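Participant: After the sequence you'll find the predicted model.
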Protein chains: 2
Amino acid sequence: MKKVSENILGYSYGDAEVARSTVSMKDLESLKVSAGFTEEDVRYLRLAGEVLEDQTKQIVDHWRGGIIAGIPNLARHSKTPEGDPIPAYLAASNLRFRQWILDTCFRPYDQDWIDYQQEIALRHTSTRKNKVDGVRSTPYVPLRDVIAFVAVMNQTIKPYLASKGHSPLEVAKMHAAWCKSIQMQVALWVGPYSETGKAPSDW
Amino acid sequence: MKKVSENILGYSYGDAEVARSTVSMKDLESLKVSAGFTEEDVRYLRLAGEVLEDQTKQIVDHWRGGIIAGIPNLARHSKTPEGDPIPAYLAASNLRFRQWILDTCFRPYDQDWIDYQQEIALRHTSTRKNKVDGVRSTPYVPLRDVIAFVAVMNQTIKPYLASKGHSPLEVAKMHAAWCKSIQMQVALWVGPYSETGKAPSDW
């Protein structure tokens, strides 16, 4: 599987330590139908992956340095509660962010993928945020902000998808596949946030 | 305010009976920043509204009759638990669905708008589904399917936005504004679904 780096601190995709989600492959198939996600989308995500794989650093720098850094309400989640930067935390989570782009495009959407969506979500909730990096930062990222920022990612990914000379139709299909995948991921991320006892404090 | 019909059963936008959301205007401003939603988007939503206002029936027929009707897992939410159609329920909810398109484009995003997002979400949860129509149907629409179907709506709205001869750039800006608005709405819909005691059963 393609990796943005040999060593990605805290990246545990497919590892035995990743908890099994209660969402099954059958649930995922149903979710694909609801999102209109088809085999054509799988193919266009692969193409998107080929287009994006040498641009993941640029994209994440754009999102993190160009956008999130300018929004105090979002930027705080990579800092200490006092607002001091935590460079190692930012660096590791940026690597994982870059790898997430590749995983979105190249990974088979199987049980490991479902389980890792749960892991990603948990790491944004008060159950697991900061744990894998051993840092002191905000206790959780509100789900509302995660969902809203998806709109930014979906919008700003467009020029990167168009940067390798594909036709407008191909770019549009890559983008549609990307958006459907992200929407399915959001649907899965809601799960860990919605567990009784945690919701609605973290949303 | 523009209405798709003089009488829309169960449409209570701005009415005193609509519960106040715990989400404030300040929260919404913060959400807009996270979604990259600006005054330019407000203008392009107005333009989208002008483009869509005489097409809401076509669009909702496309979504409901052309897509949802063919997906048993989604179509069941407009039927009895035994799978029998409830034509009056479908008709009323289709009118509300059409009005939602106009509201998305034309309404000021104020406290009434925030409160009605909560109302819309509640009407998809086990707290309020079927109540306003007095019908016997599925107890709730799983949040996962709501979120996934957003991908379908965002994708299939494109040709309708492009149908009045606007430039590709204008259509793209209308579409971007639409997608950002819907993503903010999804972020707000998660709230009622996440309330302790209800989550995660309805998601």
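Facilitator: Here it is on my side, so go on. Residues are numbered from 1 along each chain as shown, chains lettered A, B, ... in the order given.
Participant: any idea how far chain B is from the residue nearest the centre of chain A?
Facilitator: In chain A, the centroid-proximal residue (Cα atoms, centre = their mean) is residue A:100; its distance is 5.2 Å. As for residue A:100, its distance to chain B is 18 Å (criterion: Cβ to the nearest Cβ, to the nearest Å). C-beta here means a position set from N, CA and C on the backbone, and glycine is covered the same way.
Participant: now swap in residue A:139 and tell me
Facilitator: Using Cβ to the nearest Cβ, which is the criterion applied here, residue A:139 is 16 Å from chain B.
Participant: which non-adjacent residue is nearest the residue nearest to the centre of chain A?
Facilitator: Leaving aside its sequence neighbours, residue A:100 sits nearest to residue A:120 (Cβ to Cβ, 6 or more residues apart in numbering or on different chains; 7.3 Å).
Participant: which residues does that neighbour contact?
Facilitator: A:100, A:185, A:189 (Cβ atoms under 8 Å, 6 or more residues apart in numbering or on different chains).
Participant: Quick check: which element contains it?
Facilitator: helix A:111-122 (DSSP states H and E).
Participant: Please state the offset of the following helix or strand past that helix from the chain centre?
Facilitator: Once helix A:111-122 ends, the next helix or strand along the chain (criterion: DSSP H and E) is helix A:143-156. Its chain's C-alpha centre and that of helix A:143-156 lie 10 Å apart, by Cα atoms, centre = their mean, to the nearest Å.
Participant: who touches stretch A:164-181?
Facilitator: With contact meaning Cβ under 8 Å, 6+ apart, stretch A:164-181 is reached by A:35-37, A:40-42, A:44-45, A:47-48, A:51, A:104-105, A:154, A:157-158, A:161-162, B:151, B:154-155, B:179.
Participant: Can you select the buried ones from the residues you listed in ChimeraX?
Facilitator: The ChimeraX command for the buried members of these (criterion: 16 or more other Cβ atoms under 10 Å in any protein chain shown) is given here:
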select /A:35,36,37,41,44,45,47,48,51,104,105,154,157,158,161,162 /B:151,154,155,179
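Participant: How many residues are close by residue A:19?
Facilitator: Residues near residue A:19, counting by other Cβ atoms under 10 Å in any protein chain shown, number 10.
Participant: Isn't it up against residue A:117?
Facilitator: No: judged on Cβ atoms under 8 Å, residue A:19 makes no contact with residue A:117 at a distance of 11.4 Å.
Participant: before we move on, the earlier item: just the ones in helices from the contacts of stretch A:164-181, please.
Facilitator: Mapping those onto helices (DSSP state H) picks out A:35, A:40-42, A:44-45, A:47-48, A:51, A:104-105, A:154, A:158, A:161, B:151, B:154-155, B:179.
Participant: Only the buried residues of the helix or strand hosting the residue nearest to the centre of chain A, if you could.
Facilitator: Here residue A:100 sits within helix A:87-106, counting by DSSP H and E. Neighbour counts over helix A:87-106 (16+ other Cβ under 10 Å) mark A:89-90, A:92-106 as buried.
Participant: Check the spacing between the closest residue to residue A:131 other than its chain neighbours and residue A:23 real quick.
Facilitator: Leaving aside its chain neighbours, residue A:131 sits nearest to residue A:123 (7.5 Å; criterion: Cβ to Cβ, 6+ apart). Plainly put, residue A:123 is 17 Å away from residue A:23 if you go by Cβ to Cβ, to the nearest Å.
Participant: Low-confidence ranges, chain A, go.
Facilitator: For chain A, the stretches with pLDDT under 70 are A:196-201, A:203.
Participant: Is the residue nearest to residue A:131 in contact with residue A:132, as I believe?
Facilitator: Yes: assessed by Cβ under 8 Å, residue A:123 is found in contact with residue A:132 at 6.5 Å.
Participant: Need phi/psi at residue A:79.
Facilitator: Main-chain torsions, residue A:79, degrees, to the nearest 10: phi -120, psi 170.
Participant: what about the nearest residue to it once chain neighbours are set aside, how many residues close to it?
Facilitator: Leaving aside its chain neighbours, residue A:79 sits nearest to residue A:85 (5.8 Å; criterion: Cβ to Cβ, 6+ apart). If you count neighbours by other Cβ under 10 Å, residue A:85 ends up with 12.
Participant: Next: residue A:14.
Facilitator: Neighbour number of residue A:14 under other Cβ under 10 Å is 14.
Participant: Spit out the contact partners of it.
Facilitator: Counting by Cβ under 8 Å, 6+ apart, residue A:14 makes contact with A:112, A:116.
Participant: and stretch A:60-80, which residues are buried?
Facilitator: Here stretch A:60-80 shows A:60, A:62-64, A:67-68, A:71, A:74-75, A:77-79 as buried, counting by 16+ other Cβ under 10 Å.
Participant: tell me how far the ends of that stretch are from each other?
Facilitator: Distance across stretch A:60-80, first residue to last, is 21 Å (Cα to Cα, to the nearest Å).
Participant: who's in contact with it?
Facilitator: Outside stretch A:60-80, the residues touching it (Cβ under 8 Å, 6+ apart) are A:83, A:85-86, A:89-90, A:93-94, A:97-98, A:101, A:129, A:135-138, A:141, A:145, A:149, A:152-153, A:156, B:30, B:33-34, B:36.
Participant: how about 7 Å then?
Facilitator: A:83, A:85-86, A:89-90, A:93-94, A:97-98, A:136-138, A:141, A:145, A:149, A:152-153, A:156, B:30, B:33-34 (Cβ atoms under 7 Å, 6 or more residues apart in numbering or on different chains).
Participant: which parts of chain A sit against chain B?
Facilitator: For chain A, the contact set with chain B under Cβ under 7 Å from any Cβ of the partner chain comprises A:30-31, A:33-36, A:71, A:73-74, A:143-145, A:147-152, A:154-155, A:176, A:179-180, A:183-184, A:186-187, A:190-191, A:193-197, A:199-200, A:203.
Participant: give me that answer again for 6 Å
Facilitator: Residues of chain A lying close to chain B (Cβ under 6 Å from any Cβ of the partner chain) are A:30-31, A:33-36, A:71, A:73, A:143-145, A:147-152, A:155, A:176, A:179-180, A:183-184, A:186-187, A:190, A:194-196, A:199-200, A:203.
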